[in-house]
Structures are given as structure tokens and as C-alpha cells.
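Undergrad: Prediction below, plus the sequence it came from.
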Amino acid sequence: MADLSAIDIRDVFKHFGHGEARFAAVDGANLSIRQNEFFTLLGPSGCGKTTLLRLIAGFEFPSEGELVLHGENIAAMPPFKRPINTVFQNYALFPHLTVAENIGFGLKMLGKGKDVIAARVSEMLKLVRMEHLAKRATSQLSGGQQQRVALARALAPSPKVLLLDEPLSALDYKLRKEMQIELKRLQAETGITFVFVTHDQEEALTMSDRIAVMSSGKILQVGAPRDIYDRPADRFVADFIGETNFLKGKITALNEGKAQVAMTCGATLSAPAPEASRAGDEVTVMLRPEHARLVGADDPNAILTGSLANIIYFGTDTYFNVSLSDGSLFTVRQQNRPGEEGGRSEGDIVGISFPSDAIRVLRG
């Protein structure tokens, strides 16, 4: 059975400004978000991800296109009529109300009875593990606790979709990691479709069922975290998601979908060719640092050779930056294991090996 769609975004544009200053914050977006999935809009500041989230929420209206929620076009529907709630970056809690009163506020505005509100608030307090803080003022809570209250308040009316606009950005690193796990748990337990906005690629990879990578108002690629990371559609996606080595080269031959690439650093590689490639095309070969290994310069498995420019110890990993013959730097990331010493020094001539299926050829 095919996955059911919660939100369909069809040829959506959102323009701001007039005349020469007019620009598309969202530029022809097409996207289908499935029911009950954790979906992330990922990209740098100004890429259009928050504007797209605001279009779904109803805080902005599209210049063109359709926004369909469970089969109904909601593009012109005001936000208060949409079965959608939003958790904002600053949480927007009422400091003069208790935790329980904040959680029940939306239900009160919907005209729910006291008994219904009390039962639902109790359920939400249990869900976010804050039963013991029900009567505390939100101004007396930590950042992580405030975020849990904001989530409980947004979930209390049982929306069909929950939108989250960079809600973890104000938290410290350790608390942010804890809240990533909490958000994933809440989504799984409630079964509500979560649409999450972030510029943090690690956050997106950790939490998402699928990711849409955006740049300059356009959706460049949609896929599961592993697809986005291992099989990026273009150089922007490859560069934005994780750390990547880029090597310049030229296609010298094509055979049954495989490209023979002569690298400027002297090596020759073979990998699946980009679509519509031709012999003579200049291309970029990408390889993740953790997919490569340092070997001896004369090792038969060495594909590249160079001089160790520097070694950086990160605790869990060590980064070896190797200067290749064309002057480019290639990073090898190796996990540190007890009892293993690096045995390498700056200036050493080393080889680099990697499996052929770890590389990807990108256009340009």
C-alpha cells in the first residue's frame, strides 16, 4: 500500500518586493509530505525553508500554486481554520500562567469543557514527563522545560500537522541532543506529522525520516538521510550535508553508464556517470573523509598519494589532511581505537585508499 500524503505542495511560489526588487523566496516548490512522518526542511539562512513553513501554517499565502492538506486545498484558508499548530523558536509561552494553564490555553480557546481540558492537560503532562511541574510558572523553568511545555501546548488540540521552526537553536549542545531524542519519541508516540525546519545538517540527519534540502528558494533534493548523505544530487547538497572531499577531473570515456575520470591530481577513477554526461565534460568527484583510509605510499591499494600537511586529533577521531600533487587538500577521517597509535608525522608521504562505490561523480 502506498504511503498516504499529509501535505502536497504543488508548483508553489512566494514572491516579495516589487519591480526590480521582486524576488522568489519560494521558487516553484513541489513536495509531498507523508502522513505520520518526521519531515525536515534543511538549508542555509535565506534559502526559503521558514517561508515555506509559514505558507503551510497560513502566516503567509502563496503567490502561485496549491497547498493541499489531506486532499483539501488550504492555500487561501486562514491559519486559525487549519488543523495545524506551530512551535516557534522562542516558544511564545505565557509567563503569567502555570505549565498546566499554558498547555490548556489552546483547548480553552476552542471552547472545550473543563473536564476535557483537565484530562487532556494531564495526558500531555505525562507525555512530556512534566507532571511534577504542572503548577509551576513557565518563567521559572529551564530552556528545555519551556520547550517541552510549548510542545505539549501545540500537541494538546491533536493537530494533523505540527510545524517546528528551529525550536532547538536556543539550547546548549547537550540539551539540544537530549531534545532531539525527545522530539523523535513524541512524534513516534503521537503519530502526528512533524515538519521541522533547521539549518543544522547533523540535526536533520539524526531526527528525520526524510529531508528536503533547499537553496535560493528551490528544493534541490528530497530523500531519506542516508540517500541525501551518500547520494547527493549536486555539489551544493554534497557540500552542505556533512564533510566532503571534492576532486576536480575530466571525463575521458563513457561505457555502459560508467565514467572514466582523469583527475587533476594524477589518478584515474571509474564511477557511475552523471545524467547527460559526455566525454570531455569537467566534473567533480566527491568522497566522504570517513570512507577513506591512510595506507603506505607503495601499498597496492593506494589510489591517491600525497604529503601529510597536518594531523588534527578530535578525541573520537583523527583528521589527516593530505596535500595532493595538484595542491588540493584531501581529508581522511579515522576513528581512534584503544591501543592504536597514529604512527604518522607531518611531511610523511602517504597513500589513500577507498572503495570504488564510495565515490560519486557530480557535474561541474
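TA: Cool, got the structure. Residues are numbered from 1 along each chain as shown.

Undergrad: quick one: low-confidence ranges for the protein?
TA: Within the chain, the ranges that satisfy pLDDT under 70 run 1-2, 339-342.

Undergrad: Show the contacting residues for the residue nearest the centre of it.
TA: Among the residues of the chain, the one closest to the centroid is Ala204, at 3.1 Å (CA atoms, centre = their mean). Shown in contact with Ala204 (CB atoms under 8 Å, 6 or more residues apart in numbering): Thr40, Leu42, Phe196, Thr198, Ile211, Pro225. C-beta coordinates here come from the backbone N, C-alpha and C atoms, glycine included.

Undergrad: any idea which of the residues you listed is closest to Gly306?
TA: Set against Gly306, the nearest of those by CB to CB is Pro225 (31.1 Å).

Undergrad: now the residue lying closest to that closest one once chain neighbours are set aside, what's its secondary structure?
TA: Distances taken as CB to CB, 6 or more residues apart in numbering place Leu205 nearest to Pro225, at 4.5 Å, with adjacent residues excluded. Three-state call for Leu205 (DSSP: H, G, I helix; E, B strand; the rest coil): helix.

Undergrad: From what I see, Leu205 and Asp227 are in contact.
TA: No - with contact defined as CB atoms under 8 Å, Leu205 does not count as touching Asp227 (11.0 Å).

Undergrad: Those two: which is more packed in?
TA: Legend: neighbour count by other CB atoms under 10 Å for Leu205 and Asp227, higher for Leu205 (18 against 14).

Undergrad: Distance of that one relative to Gln221?
TA: Distance from Leu205 to Gln221, counting by CB to CB, to the nearest Å: 13 Å.

Undergrad: Find residues that contact each of the two.
TA: In contact with both Leu205 and Gln221: Ile228, using CB under 8 Å, 6+ apart.

Undergrad: Pairing-wise in the sheet, spell out the partners of Ala137.
TA: Thr98 (DSSP bridges).

Undergrad: I figured it hits Phe94, correct?
TA: No - using CB under 8 Å, Ala137 makes no contact with Phe94, being 9.5 Å away.

Undergrad: any shared contact partners between the two?
TA: By CB under 8 Å, 6+ apart, no residue touches both Ala137 and Phe94.

Undergrad: mind listing the helices in the stretch 51-200 of the chain by residue range?
TA: Counting by DSSP state H, counting those that start in this stretch, the stretch 51-200 of the chain has these helices, from start to end: 99-109, 114-127, 143-155, 173-190.

Undergrad: from the middle of its chain, how far away would the second one be?
TA: Helix 114-127 has its C-alpha centroid displaced from the chain centroid by 33 Å (CA atoms, centre = their mean, to the nearest Å).

Undergrad: For that helix, which residues meet the burial criterion?
TA: Going by neighbour count (16 or more other CB atoms under 10 Å), the buried part of helix 114-127 is Ile117, Arg120, Val121, Met124, Leu125, Leu127.

Undergrad: TSV please, covering the contacts of Ala204 and showing neighbour count.
TA: Formatted as TSV, the contacts of Ala204 follow (neighbours: other CB atoms under 10 Å):
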residue	neighbour count
Thr40	28
Leu42	26
Phe196	26
Thr198	22
Ile211	28
Pro225	18
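
Undergrad: For these, give me JSON lines that also has distance to Leu247.
TA: Below are these laid out as JSON lines (distance: CB to CB, whole Å):
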{"residue": "Thr40", "distance to Leu247": "29"}
{"residue": "Leu42", "distance to Leu247": "25"}
{"residue": "Phe196", "distance to Leu247": "33"}
{"residue": "Thr198", "distance to Leu247": "29"}
{"residue": "Ile211", "distance to Leu247": "25"}
{"residue": "Pro225", "distance to Leu247": "24"}
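
Undergrad: Show only the entries of the residues you listed found in strands.
TA: Residues of the contacts of Ala204 located in strands (DSSP state E): Thr40, Leu42, Phe196, Thr198, Ile211.

Undergrad: Going by distance to Phe105, which of these wins?
TA: Nearest to Phe105, judged by CB to CB, of those is Phe196 at 23.0 Å.

Undergrad: In contact with the closest one, which residues are there?
TA: Neighbouring residues of Phe196 by CB under 8 Å, 6+ apart: Phe38, Phe39, Thr40, Leu41, Leu164, Leu183, Ala204, Met207, Ser208.

Undergrad: If you rank those residues by neighbours, which is first?
TA: Within those, most neighbours by other CB under 10 Å means Leu41, with 30 neighbours.

Undergrad: Assess the claim that that residue and Ser208 are in contact.
TA: No - assessed by CB under 8 Å, Leu41 is found out of contact with Ser208, at 9.8 Å.

Undergrad: which residues touch stretch 15-31?
TA: Counting by CB under 8 Å, 6+ apart, 7-14, 48, 51-52, 55, 62-63, 65, 212, 216-219, 222 sit against stretch 15-31.

Undergrad: Neighbours of Asp298, how many?
TA: 9.

Undergrad: now do Ser307
TA: 15.

Undergrad: Is it in contact with Ile349, as I believe?
TA: Yes - counting by CB under 8 Å, Ile349 is a contact partner of Ser307 at 5.8 Å.

Undergrad: Now the common contact residues for the two.
TA: With the criterion set as CB under 8 Å, 6+ apart, the contacts of Ser307 and Ile349 do not overlap.

Undergrad: which residues touch the nearest residue to Gly48 once chain neighbours are set aside?
TA: Of all residues not flanking Gly48 in the chain, Gly217 sits nearest, at 4.1 Å (CB to CB, 6+ apart). Applying CB under 8 Å, 6+ apart to Gly217 gives the contacts Lys14, Phe23, Ala24, Ala25, Val26, Asp27, Ala29, Cys47, Gly48, Thr51.
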